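Q: Predicted coordinates and the sequence they were generated for:
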Amino acid sequence: MQRLLWCLVIGLGGSFLGCDDEPQQLPPDRGLLRDSEPDPEPEPDAGPDPDDGVEVDAGPDDDMGREDDAGPEDDMGPEVDMAPEVDMAPMGCNPGDTSAEPCRGLDGVCSGGVATCQADRTFGECEPPPSFEADEARCDGLDNDCDGLTDEAFPGVGMPCDTDDPDQCAYGLAACNAAGDGVDCLEDDPVSETCNGIDDDCDGTTDEDAPDAPPGDRGEGVCAGQLKVCTDGAWVEPDYSALEGYEVGESLCDGLDNDCDGRVDQGLFPPAADLQDGVCSGQIKVCDGENGWVEPAYDAIRRYEAVELTCDGRDNDCDGDIDEAIDPPPCALSEGVCAVPEAPRQCLGAAGFSGCTYSPDYEIDEENTCDALDNDCDGLTDEGAPCPLGLRTVRIAGGQFEMGSPADEAGRQADEAQHGVTLTHSMLVRVTEVTQSEWVQVMGENPSARQGADLPVEQVTWIDAVRFANALSRRDGLQQCYVIEGDSARWPDGYGCTGWRLPSEAEWEYLARAGTATLRWTEADMIELVRAAWFNDNSDGQTRPVGTRLANNFGLHDVLGNVNEWVFEFYGPYPAGPVVDPVGPGEGTDRNIRGGAYISRAPLLRSANRAATPPRTAADDIGLRVLRTAPPE
């Protein structure tokens with residue numbers, strides 16, 4: 001009976017409290033009273049759980065403080081015989097019921113488990129709660145593996161944090177962290193991390209992110225802004241060698257203070273310049289900051305030339321060659337007999353170029369020989385020499401004028417439409433018509449009907465005049481302006497040709513007008529015309545010696561009268577608007593003669609008068625005047 005009561009008192013543990021030898025267990029929450037009739041083999045009824053407050057009629061009171069109807073009250077003295085046992089109804093649990101009571105008293109979280117009633121109305125094994133772990137894995141202040149030890153896998157929990165380990169927190173107690181997978185220090189008074197070798201903020205890391213790092217000792221150049229680093233509890237210099245561009249000693253030309261001493265690109269050793277030959281020998285490159293090493297200013301080197309130009313016995317362009325491929329400068333004189341030197345100039349090294357060797361016909365000081373040549377190479381032929389008038393020339397500048405005639409001009413023809421003309425070049429013009437004397441010198445024969453050395457040559461066709469101009473150019477060492485093709489000729493270089501040629505029609509009228517815009521360059525009255533020209537009223541029906549009538553404002557004789565003068569172009573209509581350096585139509589049948597002749601009546605001696613003439617015409621009233629484009633002054 002006492003044993004049954006003991007089992008009830010300690011929780012009716014049955015299978016886990018040593019009461020397995022009892023025929024049945026009382027459920028922890030089901031103590032029931034039976035009626036007073038005894039069973040054939042009555043069992044002492046220990047009654048319900050003392051906590052349930054249910055009385056059991058078991059007899060007189062025993063030492064457990066219960067009443068027992070079997071006898072008088074009993075003290076807590078020696079054991080006495082119990083009153084006759086009272087029959088009790090069979091007790092047990094209902095299958096499927098659960099209870100936590102059988103798990104009470106187990107270690108750790110297992111005390112919170114439950115047991116399930118089996119078919120034999122007894123509770124089975126205690127089932128642990130979900131927090132149970134076969135091996136302690138979480139740090140949470142619980143005995144999760146029910147071995148009587150708490151958080152044994154995490155030593156130090158509950159111990160002071162201030163240990164000899166510098167990585168340990170300096171304050172508070174060690175405790176499980178919030179994640180349950182480690183230990184943190186619970187500070188009593190947390191402080192900010194400083195550089196002292198201690199984990200001041202108790203986060204398990206020492207001296208991390210220590211604030212207020214002082215600046216590094218090197219604050220210039222690429223080191224600017226660098227802070228000291230906390231190492232072993234003390235502030236030390238950063239690793240400057242890890243900085244881009246840092247150098248212990250400056251060697252880079254990059255516009256930076258690489259060694260952080262406050263000076264940029266100082267003390268460098270420049271490399272040699274790319275050009276080392278000739279006058280560039282010994283040159284070095286120049287540091288141009290962020291642009292790096294650049295070539296020196298070669299132009300500043302004495303005698304340097306990007307392209308060799310000077311004949312001086314030096315390699316001026318620094319390419320390893322001396323005085324190579326230098327074009328000799330032109331001779332000082334390039335007109336007349338000096339146009340083509342006898343020998344080209346030679347580079348003589350340090351002595352420079354050799355002098356020019358001119359033609360044997362060259363006359364240094366002044367023209368002395370009357371030979372129809374420009375012997376002193378000044379662009380004028382036989383000036384100052386005892387020459388006939390017919391071989392003299394005059395320089396006349398180009399300009400603007402109105403070509404043709406106004407509608408109200410007396411004797412005007414329909415082919416004289418007035419239009420503006422600009423001539424952009426100067427001309428060297430013979431002051432008279434070509435004489436028979438010069439024609440014979442050049443061509444070797446005289447075609448004239450009335451012959452005389454000073455008379456104008458006549459009986460020449462247009463192609464005869466063109467051939468004479470080319471021959472005169474050849475004699476004087478000048479460019480030939482015409483390409484002759486049978487009875488025709490081309491003028492490929494136009495006004496750019498510098499040899500003798502026939503005037504264009506525009507040039508002829510410009511020269512004849514000599515700056516006037518009237519009927520003719522002289523006064524309109526007959527007296528003045530007689531003084532200025534040979535025509536039918538005063539010529540006595542024959543040509544007259546050249547230069548015996550008055551010259552116009554340009555110094556030209558016989559532009560009106562004596563003989564008509566061939567011009568180069570085909571005859572054709574004038575352009576409708578202003579033109580510059582015109583050369584007339586590109587094709588046609590007739591050519592032009594201008595100026596009138598000794599047989600012409602006065603009305604035909606006008607500056608604007610034109611006369612279309614077949615180029616094969618040879619007449620005793622047709623001659624020529626020559627000119628050439630003047631070189632720049």
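A: Good, I have the coordinates. Numbers count the residues shown, from 1 in each chain.

Q: Which secondary structure elements does the longest strand along the chain sit against?
A: In the chain, taking DSSP state E as the definition, the longest strand is strand 564-570. Where contact means 3 or more C-beta pairs under 8 Å, 6 or more residues apart in numbering; DSSP states H and E, strand 564-570 is packed against helix 462-475, helix 505-513, strand 591-594, strand 622-623. From N, CA and C alone the C-beta is placed, and that goes for glycine too.

Q: buried residues in the longest one?
A: For helix 462-475, the neighbour count (16 or more other C-beta atoms under 10 Å) marks Trp462, Ile463, Asp464, Ala465, Val466, Arg467, Phe468, Ala469, Asn470, Ala471, Leu472, Ser473 as buried.

Q: residues touching the nearest residue to Asp454 once chain neighbours are set aside, list them.
A: Nearest non-adjacent residue to Asp454, counting by C-beta to C-beta, 6 or more residues apart in numbering: Pro545, 4.0 Å away. By C-beta atoms under 8 Å, 6 or more residues apart in numbering, the contact set of Pro545 is Gly452, Asp454, Leu455.

Q: between those residues, which is nearest Asp239?
A: In terms of C-beta to C-beta, no member of those lies closer to Asp239 than Asp454, at 107.5 Å.

Q: Pairing partners for the longest strand of the chain, with directions?
A: strand 591-594 (antiparallel), strand 622-623 (parallel) (DSSP bridges).

Q: Compare the contacts of Pro545 and tell me which has the most neighbours.
A: In terms of neighbours by other C-beta atoms under 10 Å, these top out with Leu455 at 23 neighbours.

Q: Now the most centrally placed residue in the chain. Nearest residue, chain neighbours left out?
A: Centroid-nearest residue in the chain, with C-alpha atoms, centre = their mean: Asn291, separated by 14.8 Å. Distance criterion C-beta to C-beta, 6+ apart; nearest residue to Asn291, sequence neighbours excluded, is Gly255 at 7.8 Å.

Q: how much space between that neighbour and Ala224?
A: 14 Å (C-beta to C-beta, to the nearest Å).

Q: List the contacts of stretch 483-490.
A: Ile463, Val466, Arg467, Asn470, Tyr482, Trp491, Pro492, Pro615, Arg616.

Q: Turn the helices and strands packed on strand 564-570 into CSV, including mean pLDDT and distance to Asn144.
A: Formatted as CSV, the helices and strands packed on strand 564-570 follow (pLDDT from 0 to 100; distance: least, C-beta to C-beta, whole Å):
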stretch, mean pLDDT, distance to Asn144
helix 462-475, 96, 125
helix 505-513, 98, 122
strand 591-594, 97, 130
strand 622-623, 98, 139
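
Q: I'd like these as TSV, with distance to Ala115 appended.
A: Shown next, in TSV, are the helices and strands packed on strand 564-570 (distance: least, C-beta to C-beta, whole Å):
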stretch	distance to Ala115
helix 462-475	141
helix 505-513	136
strand 591-594	144
strand 622-623	153
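
Q: Would you tell me which of the ones you listed gets closest to Asn196?
A: helix 505-513 (105.5 Å).

Q: Report the angle between that closest one and strand 564-570.
A: 150 degrees (axes from the mean of the first three to the mean of the last three C-alpha atoms, to 10 degrees).

Q: Now do helix 505-513: distance to the chain's middle.
A: 58 Å (C-alpha atoms, centre = their mean, to the nearest Å).

Q: Show me what it is packed against.
A: Using 3+ C-beta pairs under 8 Å, 6+ apart: helix 505-513 touches strand 400-403, strand 427-430, strand 564-570, strand 591-594.

Q: Let's have the ones you listed in TSV, adding mean neighbour count.
A: Shown next, in TSV, are those (neighbours: other C-beta atoms under 10 Å):
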stretch	mean neighbour count
strand 400-403	17
strand 427-430	22
strand 564-570	24
strand 591-594	25
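
Q: between the ones you listed, which gets nearest to Leu309?
A: So among the helices and strands packed on helix 505-513, strand 427-430 is nearest, using C-beta to C-beta, at 32.1 Å.

Q: in the stretch 351-500 of the chain, which spans are helices?
A: Using DSSP state H, counting those that start in this stretch, the helices of the stretch 351-500 of the chain run over 436-443, 462-475.

Q: Is it correct that Glu250 is in contact with Asp265?
A: Yes: counting by C-beta atoms under 8 Å, Glu250 does reach Asp265; the two are 6.7 Å apart.

Q: about what we covered before: out of the helices and strands packed on helix 505-513, nearest to Cys497?
A: Nearest of the helices and strands packed on helix 505-513 (C-beta to C-beta): strand 564-570, 11.1 Å.

Q: Can you check what angle separates the closest one from helix 462-475?
A: 90 degrees.

Q: Using PDB, write down the CA coordinates of strand 564-570.
A: This file holds the C-alpha atoms of strand 564-570, laid out as PDB (Å, rounded to 0.1, in the frame of the first residue of the first chain):
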ATOM      1  CA  ASN A 564      46.500  97.100-140.100                       C
ATOM      2  CA  GLU A 565      47.700  94.800-137.300                       C
ATOM      3  CA  TRP A 566      46.900  91.100-136.900                       C
ATOM      4  CA  VAL A 567      45.500  89.900-133.500                       C
ATOM      5  CA  PHE A 568      45.300  86.300-132.500                       C
ATOM      6  CA  GLU A 569      41.600  85.400-132.000                       C
ATOM      7  CA  PHE A 570      39.000  84.300-134.400                       C
END
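
Q: pLDDT of it, averaged?
A: For strand 564-570, mean pLDDT is 97.

Q: From Ala489, how far off is Phe568?
A: Phe568 is 8 Å from Ala489, by C-beta to C-beta.

Q: intersection of neighbour lists for those two?
A: Val466.

Q: Neighbours of the closest residue in space to Leu556 that isn't next to it in sequence, how many?
A: What sits nearest to Leu556 in space, not counting adjacent residues and going by C-beta to C-beta, 6+ apart, is Val431, at 5.6 Å. By the criterion of other C-beta under 10 Å, Val431 has 20 neighbours.

Q: Val431 against Arg549, yeah?
A: No: the pair Val431 and Arg549 fails to qualify as a contact (C-beta under 8 Å) at a distance of 11.9 Å.

Q: Common neighbours of the two, please.
A: Between them, Val431 and Arg549 share the contacting residues His557, judged by C-beta under 8 Å, 6+ apart.

Q: mean confidence for the stretch of helix or strand Ala115 belongs to?
A: Using DSSP states H and E, Ala115 sits within strand 115-116. Strand 115-116 comes out with an average pLDDT of 87.

Q: Could you do stretch 239-254 as well?
A: Mean predicted confidence for stretch 239-254 is 92.

Q: Start and end of it, how far apart?
A: Chord length of stretch 239-254, first to last residue, is 22 Å (C-alpha to C-alpha, to the nearest Å).

Q: can you list contacts of that stretch?
A: Contacts of stretch 239-254 (C-beta under 8 Å, 6+ apart): 216, 218, 222-223, 226, 229, 256-261, 263, 265-270, 287-290, 292-293.

Q: so what strands line up beside the strand holding Ala115?
A: Counting by DSSP bridges, strand 115-116 is paired with strand 98-99 (antiparallel).

Q: taking the mean pLDDT, what do you get for the strand it pairs with?
A: Here the average pLDDT along strand 98-99 is 85.

Q: just how off-centre is that strand within its chain?
A: 86 Å.

Q: do the same with stretch 304-314
A: On C-alpha atoms, centre = their mean, the centre of stretch 304-314 falls 35 Å from the chain's centre.

Q: Next, the buried residues of that stretch.
A: Tyr304, Glu305, Glu308, Cys311, Asp312, Arg314.

Q: Where does the fourth one sit: helix, strand or coil?
A: Assigned with DSSP: H, G, I helix; E, B strand; the rest coil, Cys311 falls in the coil class.

Q: For this protein, give me the ranges with low pLDDT.
A: Confidence mapping of the chain against pLDDT under 70 gives the ranges 1-91, 160-172, 186-190, 202, 370-372, 381-382, 387-390, 633.
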